[in-house]
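Asker: coordinates for the following, if possible.
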Amino acid sequence: MGKSKSGSPEARTAPRSVDRRGFLKSAAVGAAVIAANPAVSRARQIEARNAPPAPIPPEAEIGAPAKLEVLTEGRSGSDFMVDVLKSLGIEYVCSNPGSSFRGLHESVINYGGNKNPEFITCCHEESAVAMGHGYAKIEGKPLAVFAHGTVGLQHASMAIYNAWCDRAPVYVIIGNIVDATQRISAVEWAHSVQDAAAMVRDYVKWDDLPASLPHFAESAVRAYKIAMTPPTLPVLLVADGELQEDPIPDDQVLHVPKLGQLSPPVGDSAAVAEAARMLVAAQNPVLLADRLGRTAAGMKNLVALAEALQAPVISRPGRMNFPSRHPLNQTDRANALIREADVILGLEMADFWGSLNTFRDQMRRTSEPLVKNGVKLISINSDDLYTKSNYQDFDRFPEVDLDIAADGEATLPSLTEAVQRLITDDRRRAFQDRGPQFAEARQQSLERAREAAAYGWDASPISTARLCAELWSQVKNLDWSLVSATTFINNWPQRLWDFDKHYQYIGAQGGYGVGYGAPAALGAALANRKYGRLSVNIQCDGDLMYAPGVLWTSAHHHIPLLSVMHNNRAYHQEVMQVQIMADRHNRGIDRAHIGTTITEPNIDYAKLAQSMGVYAEGPISDPKALGPAIKRALEVVNRGEPALVDVLTQPR
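Answerer: Here you go, the predicted model:
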């Protein structure tokens, strides 16, 4: 039932024309024994793996046929599984290799030709899932992740949770040996489990343990459909080791189910019409958007609605929702506009309540509303279609007046059409009157940001504003994509750069788990590679140290990515949290560095990257040297390779 791992020279050097795995057909008696007793098969595999290479027999030197046990003939179950993955259009498998999915691994690289999907070698399961997370936010669809039994899924679990909180479709397949009588070592017992998906079931949208190949085919297609239907979320399949490795019976007819065209849920027409009526009648409407921009259509549709109403847009960090320099982008004036609003539309808001209230972290935590009495709230959110209880990522309950459970991106066109039908000449003139005010306010915000960025321009360590400004000057004329979050650098890119394409920003990490940034950026860069885009990653130092093996993956697979280190030598969010506690207890903040800084010794990220085959420079502390270093690194990236510039920076 397993595959031969014989060390004989015949097995290693047999021509591929004989059989795709290079196996030689053998004595019928040996095959019959193995077929009758699968336990013998697995025992002989272990014996073969541990045995020294056999000497070359004389008959092999003269071309005489040698006898070799055949443990698998023809196609195995994992070959069919690969056929199913190919039918879904899955381009890559990100994985740290593991024996529980060895059948799938071998079928991907040999039977499948290591193309669509291509195996991407990762050094940690958390990195593999995070790569899938970043890839999905650029490509709009998942790649596959293979993980090993219990321990691999445990490593992957944090990244799955990040994807869950970020509503990202990640497609995970793990190996497991379900039949306890087929586990042949202590390792296989430790790495197998009765219910493998149980450990992550609270933060995957769907999981299954297929019992047959037809079952696997249906569940694989079903999982893809579920993952891609908003709210888009992780899914997980358990591929039994026996199902992977057993040969497909000659008389079994297998069928790959068809994946039909997927259509996201659109808001009820009557509710959409009512939302349009409220927005057109409003004197001061405000549009809030967070995880709206799943694809290019999200930004396009929001621009159309905002321009029809001449209403200001406040874009939260979940996705690339709205062009940064559009006159109606009023994100910098969020609180002032929310205070004056009479109608607020929330689009795929992760925390609608938090955008409408202020919260103070004191001994007694207090909050107060930003909105005025009588404000009308409208929500269009696919989260209302699917919510679980244990993990509380849904935030405070917003008391909305009109709640539309639907995909925001897909509902916007019908809402915009309904708005346009209701606009009278009087309302159009009123809309046109407020438009220039927003344009002037937007220009003033940009000028203030540029003035603020000038403070500490020549400081060392280098200010985060200068880091972002120097980076912008080098990439602004290229087809670029910022594949990292920006909240930890005061959102300087959104304040200084010109974002006008959906792929130019992928949002934050969802669950705020450290260790997401580097692999997610690499996954996004993998998606950008085929389009010839420049992927730019502003990389936090503490985040990279969670799994620096992604540097090797980037070099090994030639994934072009420019990483510029935000190296403040600390987990600075935690520095501030300890300072808050010390101040609250009136103990001073001079010891807040203990347990929160990354010094003594300082980490040389350039040498770390170079040791894994990545071009790197630094650490750079002179701001005048930053621009030329970025330019040199870009030359490497333009040749199709990764590069890293280590920059010593101020905390924020």
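Asker: wait, is V172 part of a strand?
Answerer: Yes - under DSSP: H, G, I helix; E, B strand; the rest coil, V172 sits within a strand.
Asker: what's around it, how many residues?
Answerer: If you count neighbours by other Cβ atoms under 10 Å, V172 ends up with 30. Glycine gets a C-beta too; all of them are placed from N, C-alpha and C.
Asker: part of a helix, is F80?
Answerer: Yes - under three-state DSSP, F80 falls within a helix.
Asker: can I get the CA coordinates of the helix or strand containing A156 in PDB?
Answerer: Assessed by DSSP states H and E, A156 sits inside helix 149-165. Extracted C-alpha coordinates of helix 149-165, given in PDB (Å, rounded to 0.1, in the frame of the first residue of the first chain):
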ATOM      1  CA  GLY A 149      -0.400  15.700  11.200                       C
ATOM      2  CA  THR A 150      -0.700  17.100  14.700                       C
ATOM      3  CA  VAL A 151       2.500  19.000  15.000                       C
ATOM      4  CA  GLY A 152       2.400  20.700  11.700                       C
ATOM      5  CA  LEU A 153      -1.200  21.900  12.300                       C
ATOM      6  CA  GLN A 154      -0.200  23.100  15.700                       C
ATOM      7  CA  HIS A 155       2.600  25.200  14.200                       C
ATOM      8  CA  ALA A 156       0.200  26.500  11.500                       C
ATOM      9  CA  SER A 157      -2.700  27.400  13.900                       C
ATOM     10  CA  MET A 158      -1.600  31.000  14.700                       C
ATOM     11  CA  ALA A 159      -1.500  31.800  11.000                       C
ATOM     12  CA  ILE A 160      -4.800  30.200  10.400                       C
ATOM     13  CA  TYR A 161      -6.300  32.400  13.100                       C
ATOM     14  CA  ASN A 162      -4.800  35.500  11.500                       C
ATOM     15  CA  ALA A 163      -6.400  34.500   8.200                       C
ATOM     16  CA  TRP A 164      -9.700  33.900  10.000                       C
ATOM     17  CA  CYS A 165      -9.700  37.300  11.700                       C
END
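Asker: quick one: that helix to chain centroid distance?
Answerer: With Cα atoms, centre = their mean, to the nearest Å as the basis, helix 149-165 stands 12 Å off its chain's centre.
Asker: also stretch 427-437?
Answerer: The answer for stretch 427-437 is 40 Å, by Cα atoms, centre = their mean.
Asker: in it, what counts as buried?
Answerer: F431, R434, G435 (16 or more other Cβ atoms under 10 Å).
Asker: what pLDDT does G595 get?
Answerer: Confidence at G595, expressed as pLDDT, is 94.
Asker: what do you get for H155?
Answerer: 97.
Asker: please name the residues that touch the nearest residue to it once chain neighbours are set aside.
Answerer: Spatially, and ignoring its direct neighbours in sequence, H155 is nearest to E125 (3.8 Å; Cβ to Cβ, 6 or more residues apart in numbering). Residues near E125 by Cβ atoms under 8 Å, 6 or more residues apart in numbering: S95, N96, V145, A147, H148, G152, L153, H155, A156, A159.
Asker: helices or strands up against the helix holding A156?
Answerer: Helices and strands touching helix 149-165, by 3 or more Cβ pairs under 8 Å, 6 or more residues apart in numbering; DSSP states H and E, are helix 125-139, strand 144-148, strand 171-176.
Asker: next, count neighbours for the closest residue to D268 other than its chain neighbours.
Answerer: Among residues not flanking D268 along the chain, I404 sits closest, at 6.7 Å (Cβ to Cβ, 6+ apart). The number of residues packed near I404 is 23, by other Cβ under 10 Å.
Asker: then Y546?
Answerer: 21.
Asker: also the one 4 residues further on?
Answerer: When counting by other Cβ under 10 Å, one arrives at 32 neighbours for V550.
Asker: tell me how far it lies from L561.
Answerer: V550 sits at a distance of 9 Å from L561 (criterion: Cβ to Cβ, to the nearest Å).
Asker: can you check which residues contact both of the two?
Answerer: Common neighbours of V550 and L561 (Cβ under 8 Å, 6+ apart) are L522.
Asker: middle-most residue in the chain, spatially?
Answerer: Nearest to the mean C-alpha position of the chain, counting by Cα atoms, centre = their mean, stands H133 at 1.2 Å.
Asker: pretty sure that one contacts Y171?
Answerer: No - when contacts are counted by Cβ atoms under 8 Å, H133 is not listed as touching Y171 (11.0 Å).
Asker: now do the helices in the stretch 301-450 of the chain.
Answerer: 334-340, 352-355, 408-422, 425-454 (DSSP state H, counting those that start in this stretch).
Asker: got CSV for those, with mean pLDDT and distance to L478 too?
Answerer: Putting the helices of the stretch 301-450 of the chain into CSV (pLDDT from 0 to 100; distance: least, Cβ to Cβ, whole Å) gives the following:
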stretch, mean pLDDT, distance to L478
helix 334-340, 97, 30
helix 352-355, 96, 33
helix 408-422, 98, 27
helix 425-454, 95, 21
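Asker: for those helices, which one sits closest to V483?
Answerer: For V483, the closest of the helices of the stretch 301-450 of the chain is helix 408-422, at 20.6 Å, according to Cβ to Cβ.
Asker: who are the packing partners of that closest one?
Answerer: helix 269-281, helix 296-309, strand 376-380.
Asker: helix 269-281 and the last one, what's the angle between them?
Answerer: Going back to what we said before, that points to strand 376-380. Strand 376-380 runs at 140 degrees relative to helix 269-281, counting by axes from the mean of the first three to the mean of the last three Cα atoms, to 10 degrees.
Asker: use 439 as the first number for this chain going forward.
Answerer: In the new count, where the first residue is 439, that last one comes out as strand 814-818.
Asker: each with direction, which strands does strand 814-818 pair with?
Answerer: As defined by DSSP bridges, the strand partners of strand 814-818 come to strand 781-785 (parallel), strand 840-842 (parallel).
Asker: I figured I576 hits H940, correct?
Answerer: No - the pair I576 and H940 does not pass the contact test of Cβ under 8 Å, sitting 9.1 Å apart.
Asker: quick one: common contacting residues for the two?
Answerer: Joint contacts of I576 and H940 (Cβ under 8 Å, 6+ apart) do not exist.
Asker: show me what contacts A848?
Answerer: A848 neighbours (Cβ under 8 Å, 6+ apart): P668, S701, P702, P703, V704.
Asker: recalculate using a threshold of 10 Å.
Answerer: Shown in contact with A848 (Cβ atoms under 10 Å, 6 or more residues apart in numbering): 668, 701-705, 732-733, 735-736, 739, 818, 820.
Asker: can you check L972 too?
Answerer: Counting by Cβ under 10 Å, 6+ apart, L972 has contacts 912-913, 916-921, 963, 966, 998-1000, 1072, 1075-1076.
Asker: could you redo the last one with a cut-off of 8 Å?
Answerer: With Cβ under 8 Å, 6+ apart, L972 has these contacts: V913, L916, D917, W918, S919, N966, P998, L1000, L1072, V1075, N1076.
Asker: would you map the helices across the stretch 939-1088 of the chain?
Answerer: Under DSSP H, counting those that start in this stretch, the stretch 939-1088 of the chain gives helices at 955-967, 979-982, 988-994, 1010-1022, 1043-1049, 1064-1076.
Asker: packing partners for the last one?
Answerer: What it means is helix 1064-1076. helix 902-913, strand 972-978, strand 1000-1005, strand 1053-1058, strand 1081-1086.
Asker: got it, and the third one?
Answerer: With contacts defined as 3+ Cβ pairs under 8 Å, 6+ apart, the packing partners of helix 988-994 are strand 556-559, helix 563-577, helix 955-967.
Asker: gap between it and the chain center?
Answerer: 17 Å.
Asker: same deal with the shortest one?
Answerer: When distances are taken as Cα atoms, centre = their mean, helix 979-982 is centred 17 Å away from the chain's centroid.
Asker: with only the CA atoms kept, save it in CSV.
Answerer: The C-alpha coordinates for helix 979-982 follow below in CSV (Å, rounded to 0.1, in the frame of the first residue of the first chain):
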residue,chain,number,x,y,z
ASP,A,979,12.4,43.5,13.2
GLY,A,980,10.6,41.5,15.9
ASP,A,981,8.2,40.1,13.3
LEU,A,982,11.0,38.7,11.1
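Asker: cool, thanks, talk later.
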